[in-house]
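Asks: 3D, please:
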Amino acid sequence: MMEVLKVSARSTPNAVAGAIAGVIREQGKVEVQAVGAGASNQAIKAVAIARGYLAPVGMDLICVPAFVNVFIEEEERTAIRLIVEPR
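Replies: Alright, predicted model coming up:
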């Protein structure tokens, strides 16, 4: 099963980027989830930073966006799902 990283509007993009890079090194790909504009912004910045972290070792990351329904405190919300993997 693919690891899921949940990003909030208060997440630090550099920290999330490090987590993305680490999971990709270990497992080959990762799913990043974000609910809301602020969280989506931090997630996209993190993917861009992670590309920079992995480029020196010859990995070029791609990101496939989709919508997914998630439950937060028993309430259904729509999240952005980013599948991040090397090209």
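Asks: who does residue 32 bridge with?
Replies: residue 5, residue 82 (DSSP bridges).
Asks: spit out the contact partners of it.
Replies: Neighbouring residues of residue 32 by Cβ atoms under 8 Å, 6 or more residues apart in numbering: 4, 5, 7, 16, 20, 43, 46, 47, 81, 82, 84. Where you see a C-beta, it was placed from the backbone N, CA and C, and this is true even at glycine.
Asks: can you select the buried ones from those residues in PyMOL?
Replies: Burial among the contacts of residue 32 is assessed by 16 or more other Cβ atoms under 10 Å; the matching PyMOL selection reads:
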select buried, resi 5+7+16+20+43+46+47+81+82+84
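Asks: so where's this protein shaky on pLDDT?
Replies: For the chain, applying pLDDT under 70 flags no range at all.
Asks: now the strands for it?
Replies: 4-7, 30-34, 61-72, 75-86 (DSSP state E).
Asks: what's the shortest one packed up against?
Replies: Of the remaining helices and strands, those touching strand 4-7 by 3 or more Cβ pairs under 8 Å, 6 or more residues apart in numbering; DSSP states H and E are helix 13-27, strand 30-34, helix 37-54.
Asks: in TSV: the ones you listed, plus distance to residue 74.
Replies: Listed next are these as TSV, based on distance: least, Cβ to Cβ, whole Å:
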stretch	distance to residue 74
helix 13-27	26
strand 30-34	17
helix 37-54	19
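Asks: of those, which stretch is the most buried?
Replies: The highest mean neighbour count among these, using mean count of other Cβ atoms under 10 Å, belongs to strand 30-34: a mean of 22.
Asks: quick one on the thing from earlier: which of the strands of the chain sits closest to residue 54?
Replies: strand 61-72 (6.1 Å; Cβ to Cβ).
Asks: against residue 73, how distant is the closest residue to residue 23 other than its chain neighbours?
Replies: Distance criterion Cβ to Cβ, 6 or more residues apart in numbering; nearest residue to residue 23, sequence neighbours excluded, is residue 30 at 4.1 Å. Separation of residue 30 from residue 73 (Cβ to Cβ, to the nearest Å) stands at 25 Å.
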